[in-house]
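[1] sequence unknown, structure follows:
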């Protein structure tokens, strides 16, 4: 998780083993059950009003007034779906319905409704409202599951998956003091939305507490749309490594220092950023590498920069590949340093190991989509999700629906009503199949 | 000058023609006259106390209290050298001594005493105090020149050669409103040091008013030291072009956007900065090209930058070469844009044409240095100087002395006492030769 800094193959294997359960998918009853798609899309439209921006999209950052209003709206929908609502001490909202077999652990499904500043109307909300719609449709269609189930609306996903990390006991006092985008500290924010910071530990869950977790989400990338696939079966959430890179050269007068006498850290940076792209794209796979931030010092047009700071991010589903790419980047950067008279140093600022989804849940999602005549594609999630933390607690899986042009975290984020309904129906059938077969 | 934006060969030729005079160097009387080197270096040490930093070097920015104190100290030295002191309406200090032929125009020599923040003790002060030392030595040795001469201490060289630009009428009302490094506006600063902003136009000089201008200065580069030369004969002050470059790509999620779907403006910037270096170093000559400033937006480790702003600076003694290099950079950048799905746009933010020094004055300097047994090297000045504006008014030249390790604008700036005395003696003999032969 966010505290993991181990990209070794051993830790990857351990993770894979943890995700294995003891049941097999079987045909489920109620195979014809479907959600009310029109109602689902109407609810999405209603929710988009809380924090709507004049130029489109939404700013419903966690712990803001709009976040609170959105949570109240969602709570009303949970109640209308005949769910028993509670807020845990971390501020996550749960809507529970009892199952017919009291001995079984609950099946969870859900997502989040908070947004980034100037975000879109689909990230998180599609999964959240589809989960509520599944619950309401089950109630209306008088379908009683064996397992209890809980629709979960995680708090503050965009500001660091705070709600789901609290379930793992990973939200520390130092995290509570951090200022969120709303301007409140996370601690104050949790209190603002009805949590109880002093009893945060009570939100913690143990392995075995939950039967399974399913999250429907928009892809946020362009693969499904480009390949004209209806449903993405998520293989896992990629591991992420962040480093701060410092390049030290020698600052000097740009007019009086000949080209061959320079130790130009900007030139070294330029070759570094180009090289990162080359290294990352030099082998097959879906790994990505990004240099998103740069600062040059002193930063004047007429001074050769003596120091450049930049970020390096690497992501892949295979933690070992992240480690291997990082090693290659460092080796290549050392050569750039030699050629330019500069030195490179690195500081790890964040590392989260990849979280694999449960292979058998993947197959349930694939089978259910195909039964409905929908095309599927296996793919990793390049973005982080609450599901990556849930995967530490129970067999977990994610269903993706297409994102127009792959745009996310922007007002132009869009998924079509048809794609959303497809996703909700696959979610419903997946939940029913898990319920029937595990 | 700073307002010129024309790097054509025609303007260069016109400049060269303007610098030609109507006299020839001849052997001068008083060929054995020398300055008092020990006194000169003692004065340099005294002046370095005004604005001295605890960690070494000096912060004597124009219009600061330390600048004022330094000017008072220098004024005392001018008076001690039997010069008639006045401050023009722009705040430049002049110390004048009459010549034996009232029909002749004055010979000027001098430099500046203001510094950059956390600057060194040699930039400007070496030329200023050497000029005063030349005047004092002439007085002590009872040498009367035919021409009147004036030692000039230009104000605010480091903040945009304000004092010498005023002589050309180039300091505009909008310049007066700019805030200098001292925190005062240039207008308030001029008043603070004894100028009169309302009568600024009176400081203006016309072509023909001055017989010649000579400026002694530290090289601020590493060429003389590296080649073990005592004296640099400056061929001219390089032209400078500055551009703001904007690279537009498309900002997107670094986790979910595959490498081949990106329009990464940081990658385009990286290739741009590397290419600028390659283009500038691809032909012989002393041209320099620098990318000193960069900003990436939004500037987060996990977001592909959609926009990058950076600076581009090109310098050379040949304005046509600057224009040619700029054209090549733009052509290469267009290819980078095509390959990365980005676009480049350019805005000229500053352009000063190169200012050539007078070829016959160059030869006087070279001859006088050699007569003293000093080695010489012709070289351009990569930095701007007041002399570049003086070259618009009269035949002008510069004498360089070595800078240790080429370091300038830093506390570690250093020129040896011997090199400084060599420079002052060449200045003295150059002034005497001009006086005798023109």
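    Received, thanks. Predicted, not measured: the structure shown is a model, and the values here were computed from it.

[2] Need the nearest residue in space to residue A:229, chain neighbours excluded.
    Nearest residue to residue A:229, sequence neighbours excluded (Cβ to Cβ, 6 or more residues apart in numbering or on different chains): residue A:377, at 4.2 Å. For every residue, glycine as well, the C-beta is placed using N, CA and C.

[3] Contacts only, for that neighbour.
    A:223, A:224, A:227, A:229, A:231, A:232, A:233 (Cβ atoms under 8 Å, 6 or more residues apart in numbering or on different chains).

[4] can I assume the second one sits in a helix?
    The reference is to residue A:224. Yes: with DSSP: H, G, I helix; E, B strand; the rest coil as the criterion, residue A:224 is located in a helix.

[5] Please tell me how far it sits from residue A:374.
    Relative to residue A:374, residue A:224 is positioned 11 Å away (Cβ to Cβ, to the nearest Å).

[6] So for the two, which sits in the more crowded spot?
    Neighbours were tallied for residue A:224 and for residue A:374 using other Cβ atoms under 10 Å in any protein chain shown; the higher tally belongs to residue A:224 (24 against 18).

[7] Regarding residue A:182, what is its secondary structure?
    coil.

[8] my bad, should have said residue A:423
    What three-state DSSP gives for residue A:423 is helix.

[9] who's in contact with it?
    By Cβ under 8 Å, 6+ apart, the contact list for residue A:423 reads A:126, A:130, A:216, A:231, A:399, A:400, A:401.

[10] out of these, which are inside helices?
    Cross-referencing the contacts of residue A:423 against helices under DSSP state H gives A:126, A:130.

[11] Could you dump the contacts of residue A:423 into JSON lines and include pLDDT, neighbour count and distance to residue B:182?
    As requested, the contacts of residue A:423 are exported to JSON lines (pLDDT from 0 to 100; neighbours: other Cβ atoms under 10 Å in any protein chain shown; distance: Cβ to Cβ, whole Å):
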{"residue": "A:126", "pLDDT": "98", "neighbour count": "25", "distance to residue B:182": "58"}
{"residue": "A:130", "pLDDT": "98", "neighbour count": "32", "distance to residue B:182": "63"}
{"residue": "A:216", "pLDDT": "98", "neighbour count": "29", "distance to residue B:182": "62"}
{"residue": "A:231", "pLDDT": "98", "neighbour count": "26", "distance to residue B:182": "66"}
{"residue": "A:399", "pLDDT": "98", "neighbour count": "28", "distance to residue B:182": "64"}
{"residue": "A:400", "pLDDT": "98", "neighbour count": "31", "distance to residue B:182": "59"}
{"residue": "A:401", "pLDDT": "98", "neighbour count": "30", "distance to residue B:182": "61"}
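
[12] Read off the pLDDT value for the residue nearest to residue A:229.
    We have a pLDDT of 97 for residue A:377.

[13] Doesn't it lie inside a strand?
    Yes: under three-state DSSP, residue A:377 sits within a strand.

[14] circling back to that earlier point, what is the nearest of the contacts of residue A:423 to chain B?
    Nearest to chain B out of the contacts of residue A:423 is residue A:400 (Cβ to the nearest Cβ; 10.0 Å).

[15] What residues are bridge-paired with that closest one?
    Counting by DSSP bridges, residue A:400 is bridged to residue A:217, residue A:232.

[16] how near is it to residue B:387?
    In terms of Cβ to Cβ, residue A:400 sits 67 Å off from residue B:387.

[17] Also residue A:44?
    As judged by Cβ to Cβ, residue A:44 and residue B:387 stand 70 Å apart.

[18] Look at those two and report which has more neighbours.
    Taking other Cβ under 10 Å, residue A:44 and residue B:387 do not tie; residue B:387 has more neighbours (26 against 20).

[19] residues contacting the more buried one?
    Residue B:387 touches B:213, B:215, B:234, B:237, B:355, B:357, B:381, B:396, B:397, B:398, counting by Cβ under 8 Å, 6+ apart.

[20] who's in contact with the spatially closest residue to it that is not a sequence neighbour?
    Computed as Cβ to Cβ, 6+ apart, the closest residue to residue B:387 that is not its neighbour in sequence is residue B:215, at 4.5 Å. When contacts are counted by Cβ under 8 Å, 6+ apart, residue B:215 touches B:109, B:110, B:111, B:127, B:385, B:386, B:387, B:390, B:396, B:397, B:398, B:399.

[21] you'd agree residue A:154 is up against residue A:388?
    No: checked against Cβ atoms under 8 Å, the pair residue A:154 and residue A:388 is beyond contact range at 11.6 Å.

[22] list the residues that contact both of the two?
    A:161, A:164.

[23] before we move on, back to that, farthest pair in the contacts of residue B:387?
    B:213 and B:381 (14.0 Å; Cβ to Cβ).

[24] okay, and for chain A, where does confidence drop off?
    A:1-28 (pLDDT under 70).
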